[in-house]
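J.: Requesting a structural model of the entry that follows:
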Amino acid sequence: MTGSKDFDLYRPSEEHDMLRESVRALAEAKIVPFAAAVDEEGRFPQEALDALVANDLHAVHVPETYGGAGADALATVIVIEEVAR
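T.: Sure thing, here's the model as predicted:
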């Protein structure tokens, strides 16, 4: 059997790992405190949008030419996963 190095191609980059850590910290600090109220009241999560906009994470999938971050698909999914978490 071969070692885990055979799967390095499928491992997220260091940049992706750092993105996950920063989005997770942002979500825990700025989104989680309002999540229950958003669910209970069935309202738009304005606090989440405000936090994402303030940190330039609201349009990661949009090309830089159009005002987004120009992130790749994996970075986009990481942001979505951490906010949904």
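
J.: Could you use CA atoms for every contact and neighbour count after this?
T.: Will do.

J.: Can you show me the strands along the chain?
T.: Shown for the chain, no strands are assigned by DSSP state E.

J.: Could you list the low-confidence segments of it?
T.: 1-7 (pLDDT under 70).

J.: let's see 50
T.: Scanning the chain for pLDDT under 50 picks out 1.

J.: so where do the helices sit in this protein?
T.: Using DSSP state H, the helices of the chain run over 14-26, 32-41, 46-54, 73-84.

J.: do you know which of these lies nearest Val62?
T.: Nearest of the helices of the chain to Val62, taken as Cα to Cα: helix 73-84 at 9.5 Å.

J.: Could you pull up the contacting residues of the nearest residue to Ala75 once chain neighbours are set aside?
T.: In space, and not counting its chain neighbours, Ala75 is closest to His16: 6.2 Å by Cα to Cα, 6 or more residues apart in numbering. By Cα atoms under 8 Å, 6 or more residues apart in numbering, the contact list for His16 reads 74-75, 78.

J.: follow-up on the earlier one: so which of the helices of the chain gets nearest His61?
T.: If we rank the helices of the chain by Cα to Cα, the stretch that ends up nearest is helix 73-84, at 5.8 Å.

J.: relative orientation of the closest one and helix 14-26 in degrees?
T.: Computed with axes from the mean of the first three to the mean of the last three Cα atoms, to 10 degrees, the direction of helix 73-84 lies at 20 degrees from that of helix 14-26.
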